[in-house]
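**Q** Fold the following for me, if possible:
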Amino acid sequence: MDPDLSDIESNEDRKKYINDISELSKCGWGGLSLRTYQLAGTNWLINCYYQEHGCILGDEMGLGKTCQTIALIVYLHHHEKSSKPSLVVCPRSVLENWEQEFKRFAPGLNVKCYIGDKDKRTEIAMDIKADRSKGIKPFEVLLTTYEICLKDYLFLGKLPWHVLAVDEAHRLKNQDSQLFQTLSLWKFREPVLLTGTPVQNNLDELYSLLSFVHSERFPAWKREKFLNKYSNVDEEEDVSELHKLLKPYLLRRTKSAVLKDLPKKSEIVIYHGITKLQRDLYKAILTKDIDLFDCGSSSYSGGTRSLMNILMQLRKCVNHPYLFDGVEPEPFELGEHLVESSGKLILIDCLLKYLKSTGHKVLMFSQMTHMLDVLQDYMGYRGYTYERLDGSVRGEERFLAVQNFNQNEETFVFLLSTKAGGQGLNLTGADTVIFVDSDFNPQNDLQAAARAHRIGQTRPVKIIRLIGQNTVEEIILKRAEIKLKLSEKVIEEGEFSLGMSKQGRQELITDDKVKLQDILKFGVNELLNEENSCSAVIDFVKILGPSVDGEWQLSEATVAEQSTSESMGKEEKSEDEEEENVEPPQSMYMFEGMDYSKEPTAADIKAFEELVAAERAALELKATAEKGLRKRQTTVLMGPLPEIIRKPRKKLTAEELEERKKKRQENAERRAKEEEDKERKRKEELWRANSYTSCNISIESDSDQEEEEEAKEEKERNEEEGEVPIQPTKRDIHYVIGDVTHPQDTGSDINIIVHCADDSGKWGRGGIFTAITARSELPQQKYDLAGWMKDLELGDCHLFPMDDKNVEMLGLIIAQHRDRKNNLSGIHLSALSQGLKRIYHVAKSRK
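**A** Purely as a prediction, here's the structure:
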């Protein structure tokens, strides 16, 4: 679906809430102008709000989904006067950018960032709770990340939200994911999903997004019916029906349709060879497990997974051989060998020299962080200034890296991982994008390229893709092209179908064993030719086009030939016409009129079979030699067996038996301790991964024993001296008639309600359990979480607050055991005693 602007404004069921920017300024807008299509998009978002359903803002990357969302929040804040704040959930890398945009567009809104470590977030949460208890609105917009939503779901899920905006919302494409399930349970007035790629692989993902924004219209149980009806649409009536079904929920505009003044972009593929070292490594990887390529071994266990592993190893090989351990020669010092050992880096070296001399700034994307490590070493060796961003870089450092690259003209290159650097960043300081390797999912590459080609870019953009010729990288491009066509048919052209037959859909499945075998065989004939060289003189002016004063000179003809054509595939031709007429290069998958993305040729298959046959012969020769060696050794060693005289076993003395028994006990205790340590480490890792902190009262047995002995000695001294100890009044056990969850006020700073539970992690029903839940759900949530974290042992006592004031606490003693058959034991007195000791410990420490 790609409704143009006139279609949006003429929609009969849409009211125009904002006519111009001056009306929005009266609501608290910062005075910055909005483009016409952005104003229309804001009206569409407001209309979805009043139609009481969520929506998907699916504009192409770089069209300003952020400012349209902020405009929606500003408008609703002014007109609805809601006491509920809005929540924005986004990747950590763009959170500071959201904060800056709110300051620009909505300076009057109180925006708070909920990030940081557990202690920092706890402090922010306590401040928010304190303000709300006083009737103060602590903020109007809260910014946080996906990960923190999962960690602090208990706190964030309790707050009522007005608008929930999820940036890069394709994270919700799986209805079974933890993020989808968590956010679906929260209370919000309108969900707004922002994604430049509503469809990445199939309609199933689109249905997940639709289900999130309007679960009543798109429930989970209707998923199969939806997919069966629209996955292969042939009737025009059905196409129109799906168009009408999606139109109220999905708005999609492309840059070519609404940004006539945006500088153009062109895309080009540059092919490179590989070095002899890479060729030898490529050959070794292919022949490491030749049985995997036996067509009759379809039952081979784990075959498909192993073939995928070979594919990934070949991709690493094409990038750089130093990505494998033991390949880089010692001593590990930077030198020309870093460049000369990789055909791809030889090309990058020449390319960057040209781009540096012509005044361009570059974004370099790679799938592999280890490849970024190699490129970082190369940048240091050549003396190029650079920034780097991948999943390991913290949020604050990401923001500073982006700011430095955009504002500092001296910074030449920005190294980014495709996934971490392809989300929400604004890197218009660059005018050249280089893909060192390609993603299986082309939407990730498109998002990455949009970091430079977006609103705010003042120069034409050149997108360069580096491909190892006659390697698996070429086949990956073919798969990417099919996936891009899927997206265009479903969203861009309004042809709501998968657009493929069953056979065509199978070509997308990279874990199909036969297809994987074909991928791995591609280009073997040419690749293993010893005469194939990766060193060549490259005329970058001819390949990339002219550059004047640091700007690419892109004519209409250049864009049509080198870039992804906007009209690609819309003019249908017969098969005979397609065979007779050679089409000009129209996409990034074509280069100089040749399609390099075909299946393996007969020569490839023959060369591969010869390679496998040679490897089999070598293995058989080796096996024969080893068999002959074993036979000779057997002949020498074989002879009459000597008569074996067994010595009588020595009878052990009582002391020796006791010593042996002692050693067995020590070994058993040592093994038990080792197993206990392993279990403890596993539990610690689980806790660390989920940022979990135990509520179990910890006591040190040695210090407790000393305190008890001191107390006993003091009591004896008092009795000897005739002193009568003062009876405590604030640390007594008080028995309550009626509801124990509402104890009487004893004047103490804290009251502890003591109850027993089992170690299953399943909250009880009836009685005190129901009374506790009726007063507060927090104890049950804490107990359930402790069970999930394997933090319930007999003798534990978990101390939970009953309310936000922390005046009354629940001391839950784990005194019963429930086995796997759900049989519940009675109360273990030793566990009860241990739990009461823990209560005593905390009561005494708090006086």
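**Q** Report the spatially closest residue to residue 145, excluding sequence-adjacent ones.
**A** residue 92 (4.8 Å; C-beta to C-beta, 6 or more residues apart in numbering). (Each C-beta comes from the backbone N, C-alpha and C, glycine too.)
**Q** Make sure the one you found is actually in contact with residue 144.
**A** No - here residue 92 does not reach residue 144: they are 9.4 Å apart, not a contact under C-beta atoms under 8 Å.
**Q** hang on, the earlier thing: enumerate every residue touching the residue nearest to residue 145.
**A** Taking C-beta atoms under 8 Å, 6 or more residues apart in numbering as the criterion, residue 92 is in contact with 115, 145, 147, 394, 395, 398.
**Q** Who are the contact partners of residue 107?
**A** By C-beta under 8 Å, 6+ apart, the contact list for residue 107 reads 28, 30.
**Q** distance of it from residue 843?
**A** Taking C-beta to C-beta, to the nearest Å as the measure, residue 107 falls 51 Å from residue 843.
**Q** Repeat that for residue 779.
**A** Residue 779 sits at a distance of 19 Å from residue 843 (criterion: C-beta to C-beta).
**Q** Highest neighbour count among the contacts of residue 92?
**A** For the contacts of residue 92, the largest number of neighbours (other C-beta atoms under 10 Å) sits with residue 398, at 23 neighbours.
**Q** burial count for the residue nearest to that one when sequence neighbours are not counted?
**A** Distances taken as C-beta to C-beta, 6+ apart put residue 93 closest to residue 398, at 4.6 Å, once the chain neighbours are dropped. The local packing count at residue 93 equals 27, with neighbours defined by other C-beta under 10 Å.
**Q** before we move on, what about residue 468?
**A** The number of residues packed around residue 468, counting by other C-beta under 10 Å, is 27.
**Q** Report the contact partners of it.
**A** Applying C-beta under 8 Å, 6+ apart to residue 468 gives the contacts 271, 272, 273, 274, 318, 343, 344, 474.
**Q** Please name every helix or strand in contact with the helix or strand containing residue 270.
**A** Using DSSP states H and E, residue 270 maps to strand 265-272. If you count contacts as 3 or more C-beta pairs under 8 Å, 6 or more residues apart in numbering; DSSP states H and E, strand 265-272 packs onto helix 343-357, strand 461-468, helix 540-544, helix 556-562, strand 590-591.
**Q** re the thing from before, quick check: the farthest pair among the contacts of residue 92?
**A** Longest distance between any two of the contacts of residue 92 is 14.3 Å, between 147 and 398; criterion C-beta to C-beta.
**Q** Name the SS class of the residue nearest the centre of the chain, please.
**A** Centroid check for the chain by C-alpha atoms, centre = their mean gives residue 171 as the closest residue, at 7.6 Å. Each residue gets one of three states, and residue 171 gets helix by DSSP: H, G, I helix; E, B strand; the rest coil.
**Q** List the residues that contact it.
**A** Residues counted as contacts of residue 171 (C-beta under 8 Å, 6+ apart) are 146, 177, 179.
**Q** Pull the number of nearby residues for the second one.
**A** The one in question is residue 177. Per other C-beta under 10 Å, the neighbour tally for residue 177 reads 13.
**Q** Return the distance of the nearest residue in space to it that is not next to it in sequence relative to residue 193.
**A** Setting aside the residues directly before and after it, residue 177 is nearest to residue 171 in space (C-beta to C-beta, 6+ apart), at 7.7 Å. Here residue 171 is placed at a distance of 10 Å from residue 193 (C-beta to C-beta).
**Q** try residue 220
**A** Spatial separation of residue 220 from residue 193 under the definition C-beta to C-beta is 17 Å.
**Q** Pick out whichever of the two has more residues nearby.
**A** When residue 220 and residue 193 are compared on other C-beta under 10 Å, the one with more neighbours turns out to be residue 193, at 26 against 12.
**Q** Just confirm residue 99 is within a helix.
**A** Yes - with the criterion set as three-state DSSP, the secondary structure at residue 99 is a helix.
**Q** ok, the closest residue to residue 819 other than its chain neighbours - contacts?
**A** Setting aside the residues directly before and after it, residue 819 is nearest to residue 825 in space (C-beta to C-beta, 6+ apart), at 7.9 Å. Listed by C-beta under 8 Å, 6+ apart, the contact set of residue 825 reads 758, 816, 817, 818, 819.
**Q** so the fourth one makes contact with residue 761?
**A** No - at 9.1 Å, residue 818 and residue 761 do not qualify as touching, with contact defined as C-beta under 8 Å.
**Q** Provide the secondary structure category for the spatially closest residue to residue 189 that is not a sequence neighbour.
**A** Take residue 189 and drop its neighbours on the chain: the residue closest to it by C-beta to C-beta, 6+ apart is residue 162, 5.0 Å away. Three-state secondary structure (criterion: three-state DSSP) places residue 162 in strand.
**Q** Please tell me how far residue 162 sits from residue 145.
**A** 20 Å.
**Q** now do residue 100
**A** Between residue 100 and residue 145 the computed distance is 16 Å (C-beta to C-beta).
**Q** Residue 833 too?
**A** Spatial separation of residue 833 from residue 145 under the definition C-beta to C-beta is 45 Å.
**Q** One more: residue 762?
**A** For residue 762, the distance to residue 145 under the criterion C-beta to C-beta works out to 31 Å.
**Q** before we move on, the earlier item: could you dump the contacts of residue 825 into JSON lines with secondary structure, neighbour count and distance to residue 691 added?
**A** Shown next, in JSON lines, are the contacts of residue 825 (DSSP: H, G, I helix; E, B strand; the rest coil; neighbours: other C-beta atoms under 10 Å; distance: C-beta to C-beta, whole Å):
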{"residue": "758", "secondary structure": "strand", "neighbour count": "19", "distance to residue 691": "26"}
{"residue": "816", "secondary structure": "strand", "neighbour count": "19", "distance to residue 691": "29"}
{"residue": "817", "secondary structure": "coil", "neighbour count": "18", "distance to residue 691": "28"}
{"residue": "818", "secondary structure": "strand", "neighbour count": "15", "distance to residue 691": "27"}
{"residue": "819", "secondary structure": "coil", "neighbour count": "11", "distance to residue 691": "31"}
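**Q** I appreciate the help and will end here.
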